[in-house]
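Novice: For reference, the sequence and a predicted model appear below.
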Amino acid sequence: MRKIIVAALAFLVMASSAFAAYPEKSIQVVIPWGPGGSSDISARIVADKMKKYLPQPLVITNLTGALGLNGARQVLNARPDGYTLLWEHPGNLAVAPIVTKSDFRWNDLEPVCTVVRSDMVMIVPKDSPFKNAGDVFEAIKKAPGTVRWSIALNGVSHFAYLAMAESLGVDLKVILVPSPGDKARVVSMLGGNCDVTCVSYAAAEPYIKSGDIRPVAMVNSQRSQFAKDVPTLIEQGVNVTYDYLCAVFTTKGTPDEVREILAEAFQKVMKDPETIKALEAQSFTPDFKDRESTVKIWTEAATLYESLIKKYNLIK
Amino acid sequence: MFLDLDGTLFVLHPLTMLIMLAGVFGGLIIGAIPGLTSAMAVALLVPVTYGMDAKLGLALLVSVYLGAISGGLVSATLLNIPGTPSAVATTFDAYPMAKRGEAGKALAYGVFASFCGSILGFFALISLAPALGRFALRFGPYEYFALVVFTLTCIISIARGALVKGFISACLGLFLSTVGLSSTDGLPRFTFGTNWLQSGFSVMPVLIGMFAVSQILDDLQSLKKPVKILSGTFTLGEFLRVAINFKNSLWNMVRSALIGIGIGILPGTGSGLSNIVAYSQAKYASKNPESFGTGNPNGIIASETANNASVGGALIPLMTLGIPGDATTMMMIGAFMIHGIQPGPLLIRDHPDLMAVVVVSYLVSTMYMLLIQMGFIRVLIKALAVPQAILYPVIIVLCVMGCYALNSNMVDVWVFFGMGLLGFFMKWTGFPLLPLVLGLILGGMAESEFRGSYALGGDSLAGYLDRPIALIFLAVAVLSVATALYSARQAKKKTVP
């Protein structure tokens, strides 16, 4: 009997110390995109500053392929112990599994918190006649099927375009030029192959500064701190917003205690002036949101995308 | 162009020079190992450079990039296995020459051509960078699609007579490129509802599977025979003789370098394409094209000059516009960004020191590459004296590691073995392997650019009529197929009276 009690006590001590000690080894953060991209940069900055707030390092792993789903799947199938995290934004993970007809959805993963925001901007070439978003929509209505609008098919920029058409209540007939990736759309604009597109502000910034590209509207809910004089779409009468909100996920079944330790550490690191400075240098804004708001944002985004996919019959 | 003094002095600092020496050396080894590529080497190193000074990180990345592109020469020449896509065309003539017992000479040609390609790429980088960068932007979907079609016709010159079988092989490659999630709209194709086909067929496992496994299976048949070591002497004298011989191939070298630089500048394409295009153009231009593929030094020169020149080319849009020229430079952007520098049109104005670092470290790495390779060719030839029974298992293990490291995905390893068996079967039945690989490399690009051009033209192909560059490429492509078919017919008439 004594043996059993000792064993039970020992087990209890071990079990409780296992949680108390989290994290007792390094934590892997899966970036489903290659090194050098915007997800990668923001995650690496945060991981670097996290050293102060967690006893173990966050180790970045780039797992690319299949539109970011390879990385997501790695976290989906990991052991639910909080040592494998995913860094993703709803513009991809809330929609890619639907488009690719995969066997899981974003909510099969466990949200921890939202960490970083990056702004989205609507841009035109420097010599474009469009001065604001209204000009763009007027031109499209006046001559349907002539304005060239660059999008990533079934990606955020595509949904942003569809949402604008929804909000205006008209069929915005344009030439949709497919080019996946922010960089590709900027190149397409610099090369004179599109008249308007939406990209993350970070991707467009160097070209806005050099004068090759002009911003006409921010697609955010509020004006961006990096471009204070560019009005939002809402200010210009188009009820569309999109914020690139990167969230951290872990595997379903991870103990709540572990998730809370992580969320607390992220909350602290996002308030650190050093983190803020490093992120803002890359046009990212620290934007911590707890689990509940994260779930809300993602559910709303997924619902919107799903309704647009259905309405415009995007997936045959 | 005026070079910033701070940046130049930084590169010439002894510590930087030492780290770059290690970078070139490491790059050469990674490039020489089948299955490890320059993109992989840079992907591994980019996170390491985050902790460094921005200038040091850039110098290191440039040195590794150049080293890895040059290293592919070794396994291509001595084993007939292109370690990276950028050394594919090198195998055609370097291996036959090595087999004749002139491994040292073949390597000397390769090394010297790499050197010349790098130097010409360097001059393009310092003299024409801004103008060339802007020109590259003119390439839209129309031009890219036409260029891809034109590159596909290079199959004619590399199919070596087996024209019909070459086309079948290329079509198989094009088909394989459609498997997985479409890069344009993300919809799944030919995945049979499974997860493991979603990523499709990556180029690397297919390339090294086709070439390495099939080559090794081929050689297994002769394993019991007395070992025939690729014997070769390599002396400084021989190297100098090769260098002097180069004056006969001056035009070939310049043409290949121009092709390499041009393809390098275009965003999204790089040394993987340029070596094949340069090889086929050298063959077209040659007075005795039938000697290509049997150990003609001009084949080695074309391929190796072009792939190294592409490095200089790929750096041009990166430095002038912040747009990566190929997969490797795409990752180098991260090395800038982590230090708060946004690569873009203002980079040269705002950070002239960084431009100087890239340019000068490129030149220094080229010198290192020449010196290290001259010193190591002798060692490498010795290394190949290892009996095949020991060497080949090691190579297979390295290939498997390289394939797995690509995406940490076992599917790529199975693709590697599967493609090896297919490659062996194709070789045995007389189907050339390279068209398949080329089809796979170009297929995805051809499709997305074609869709882009079709959409741009308002869902029609009329847009092509306004694009002279695209039309020229397409016309040359059609002409070269027509002449090849015509001359094949003439040859048949002669042999069958």
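Specialist: Here it is on my side, so go on. Please read these numbers as outputs of a predicted model, since none were measured by experiment.

Novice: residue contacts, the residue of the stretch 201-316 of chain A found nearest chain B?
Specialist: For the stretch 201-316 of chain A and chain B, the shortest gap (Cβ to the nearest Cβ) falls at A:Pro206, measuring 2.3 Å. C-betas here are computed from N, CA, C, even on glycine. For A:Pro206, the contact set (Cβ atoms under 8 Å, 6 or more residues apart in numbering or on different chains) comprises B:322, B:342-347.

Novice: Repeat that for A:Tyr22.
Specialist: A:82, A:257-258, A:261.

Novice: Wait, a strand at it?
Specialist: No - A:Tyr22 is assigned coil when assessed by DSSP: H, G, I helix; E, B strand; the rest coil, not a strand.

Novice: what's next to stretch B:437-451, contact-wise?
Specialist: With Cβ under 8 Å, 6+ apart, stretch B:437-451 has contacts from A:178, A:180, B:85, B:88, B:141-142, B:144-145, B:148-149, B:151-152, B:154-155, B:158, B:169-178, B:182-184, B:201, B:203, B:206-207, B:210, B:268-269, B:272-273, B:276.

Novice: Check A:Thr7 and give its pLDDT.
Specialist: If you look again at residue A:7, you'll see it is Ala, not Thr. Looking at A:Ala7, its pLDDT stands at 58.

Novice: In chain B, which residue is most central in space?
Specialist: B:Ser86 (1.5 Å; Cα atoms, centre = their mean).

Novice: I figured it hits B:Ser310, correct?
Specialist: Yes - using Cβ atoms under 8 Å, B:Ser86 is in contact with B:Ser310, at 7.4 Å.

Novice: hmm, the helix or strand hosting B:Val364 touching chain A?
Specialist: B:Val364 belongs to helix B:352-383 when assigned by DSSP states H and E. No - for helix B:352-383 and chain A, the contact criterion (Cβ under 8 Å from any Cβ of the partner chain) is not met; the two come no nearer than 13.5 Å.

Novice: Show me what counts as buried in that helix.
Specialist: Applying a neighbour-count criterion of 16 or more other Cβ atoms under 10 Å in any protein chain shown, one finds B:352-366, B:368-370, B:372-374, B:376-377, B:380-381 buried in helix B:352-383.

Novice: Mind giving me the packing neighbours of it?
Specialist: If contacts are counted by 3 or more Cβ pairs under 8 Å, 6 or more residues apart in numbering or on different chains; DSSP states H and E, helix B:352-383 sits against helix B:5-12, helix B:14-32, helix B:54-79, helix B:103-137, helix B:297-321, helix B:347-350.

Novice: Other residues contacting the helix or strand immediately after the fifth one in the chain?
Specialist: Just to be clear, that refers to helix B:297-321. The helix or strand immediately downstream of helix B:297-321 is helix B:327-337, counting by DSSP H and E. With contact meaning Cβ under 8 Å, 6+ apart, helix B:327-337 is reached by A:34-37, A:40-41, A:282, B:38-39, B:42-43, B:46, B:49-50, B:54, B:57-58, B:61, B:65, B:270, B:314-315, B:318, B:322, B:324, B:342-343, B:347, B:354.

Novice: May I see the buried residues of stretch A:61-77?
Specialist: Of the residues in stretch A:61-77, those buried (16+ other Cβ under 10 Å) are A:62-76.

Novice: do stretch B:156-168 as well
Specialist: Quick answer for stretch B:156-168 (16+ other Cβ under 10 Å): B:156-160, B:163, B:165-168.

Novice: quick check, distance from that stretch to the centre of its chain.
Specialist: The chain centroid and the centroid of stretch B:156-168 are separated by 21 Å under Cα atoms, centre = their mean, to the nearest Å.

Novice: Just the mean pLDDT for it, thanks.
Specialist: 79.

Novice: Quote the end-to-end distance of that stretch.
Specialist: 12 Å (Cα to Cα, to the nearest Å).

Novice: Residue ranges of each domain in chain A, please.
Specialist: Chain A is divided into the following domains under automatic domain parsing: A:25-118+A:243-290+A:297-311, A:120-218.

Novice: And the shortest one, how far out from the chain middle?
Specialist: From the chain centre to the centre of domain A:120-218 is a distance of 19 Å (Cα atoms, centre = their mean).

Novice: which parts of the stretch 51-200 of chain B sit against chain A?
Specialist: So the stretch 51-200 of chain B meets chain A at B:137-141, B:180-181, B:183-188, B:193, B:195, B:198-199 (Cβ under 8 Å from any Cβ).

Novice: which residues do B:Ser86 and B:Ser310 both contact?
Specialist: B:69, B:270-271, B:274.

Novice: So among the residues you listed, where is pLDDT lowest?
Specialist: For pLDDT, the smallest value among these belongs to B:Gly270: 80.

Novice: tally of neighbours for that residue?
Specialist: 30 (other Cβ atoms under 10 Å in any protein chain shown).

Novice: mind showing which ranges of the stretch 151-300 of chain B have poor pLDDT?
Specialist: By pLDDT under 70, the low-scoring segments of the stretch 151-300 of chain B are B:160-161, B:223-234.

Novice: one more time with 80
Specialist: Across the stretch 151-300 of chain B, the ranges flagged by pLDDT under 80 are B:155-162, B:193, B:195, B:221-239, B:246-247, B:268-269.

Novice: so what's residue 48 up against?
Specialist: Using chain A here. A:Asp48 neighbours (Cβ under 8 Å, 6+ apart): A:278, B:50.

Novice: um, chain B though
Specialist: Contacts of B:Val48 by Cβ under 8 Å, 6+ apart are B:Gly57.

Novice: ok now do the nearest residue to B:Trp251 once chain neighbours are set aside, which residues does it touch?
Specialist: Nearest non-adjacent residue to B:Trp251, counting by Cβ to Cβ, 6 or more residues apart in numbering or on different chains: B:Ala285, 8.0 Å away. Residues in contact with B:Ala285 (Cβ under 8 Å, 6+ apart) are B:251-252, B:255.

Novice: coming back round to it: turn the buried residues of stretch B:156-168 into JSON lines, including secondary structure.
Specialist: Formatted as JSON lines, the buried residues of stretch B:156-168 follow (three-state DSSP):
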{"residue": "B:Ile156", "secondary structure": "helix"}
{"residue": "B:Ser157", "secondary structure": "helix"}
{"residue": "B:Ile158", "secondary structure": "helix"}
{"residue": "B:Ala159", "secondary structure": "coil"}
{"residue": "B:Arg160", "secondary structure": "coil"}
{"residue": "B:Leu163", "secondary structure": "helix"}
{"residue": "B:Lys165", "secondary structure": "helix"}
{"residue": "B:Gly166", "secondary structure": "helix"}
{"residue": "B:Phe167", "secondary structure": "helix"}
{"residue": "B:Ile168", "secondary structure": "helix"}
